[in-house]
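Asks: Take a look and give me a structure for this.
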Amino acid sequence: MRIALYEPDIAPNTGTILRLCACLGMEAHIVEPAGFPVSDRAFRRAGMDYLDQVALTRHASWAAFEAWRRADRLRLVLFTTGAATPYLDHAFRPDDILMFGRESAGVPQAVHQAADAQLKIPMREGLRSLNVAMAVAMAAGEAMRQTGGLPATPPR
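Replies: This is a model prediction of the structure:
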């Protein structure tokens, strides 16, 4: 299972997500450019001392990420407020990439079109969205529940 962040805007959110990935043994992927310098220093406060435990891959662009994903034949599962399918109704697979968009703008149409599935986290009417780190935690928890839990060792 992998978590991918499309051009994240907020370093503390990204640090929190990287810490979650380290603790759960999930790969983390960042599609650049990010809205902050992608360095340990930017993540240190939220990620604490867990950052050296996460398998992090940085992709220079959407095109680079998509070329890597297609070469490895991995399924892209996009979480978006505009989706019709609730994430609890989706059958996750261990090789899925769970992608989350920019805090300020989501993802462009090209990412929507490339996604193999588009899912939403149901919320009360009139509310826009959850914090991205909270959304990642909810999605990762359900995906791991369905696919058998923590791996023995994180991929490197």
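
Asks: contacts and neighbour counts: CA atoms only from here.
Replies: Will do.

Asks: and the nearest residue to residue 93 once chain neighbours are set aside, how many residues sit next to it?
Replies: Spatial nearest neighbour of residue 93, excluding adjacent residues (Cα to Cα, 6 or more residues apart in numbering): residue 147 at 6.2 Å. By the measure other Cα atoms under 10 Å, the count of residues near residue 147 is 16.

Asks: Quick check: phi and psi on residue 64?
Replies: In terms of degrees, to the nearest 10, the main-chain angles of residue 64 are phi -70, psi -40.

Asks: Residue 29 versus that one, what's the distance?
Replies: Taking Cα to Cα, to the nearest Å as the measure, residue 64 falls 12 Å from residue 29.

Asks: Could you check which of those two is surrounded by more residues?
Replies: residue 29 (21 against 13).

Asks: Correct me if wrong: the more buried one contacts residue 60.
Replies: No - contact criterion Cα atoms under 8 Å: residue 29 and residue 60 do not qualify, at 10.7 Å.

Asks: Remind me what the host helix or strand of residue 16 packs against, helices and strands.
Replies: Using DSSP states H and E, the element containing residue 16 is helix 11-24. Helices and strands touching helix 11-24, by 3 or more Cα pairs under 8 Å, 6 or more residues apart in numbering; DSSP states H and E, are strand 27-31, helix 40-47, helix 132-147.

Asks: tell me which residues of it are tucked away?
Replies: Across helix 11-24, burial judged by 16 or more other Cα atoms under 10 Å covers 11-22, 24.

Asks: Make JSON lines out of those residues and add pLDDT.
Replies: Below are those laid out as JSON lines (pLDDT from 0 to 100):
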{"residue": "11", "pLDDT": "89"}
{"residue": "12", "pLDDT": "88"}
{"residue": "13", "pLDDT": "93"}
{"residue": "14", "pLDDT": "92"}
{"residue": "15", "pLDDT": "89"}
{"residue": "16", "pLDDT": "91"}
{"residue": "17", "pLDDT": "94"}
{"residue": "18", "pLDDT": "92"}
{"residue": "19", "pLDDT": "90"}
{"residue": "20", "pLDDT": "93"}
{"residue": "21", "pLDDT": "94"}
{"residue": "22", "pLDDT": "91"}
{"residue": "24", "pLDDT": "92"}
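
Asks: which one of those residues is nearest residue 79?
Replies: Residue 79 lies nearest to residue 17 out of those, by Cα to Cα, at 14.7 Å.

Asks: mind checking the SS state of residue 126?
Replies: Secondary structure assignment for residue 126 (DSSP: H, G, I helix; E, B strand; the rest coil): coil.
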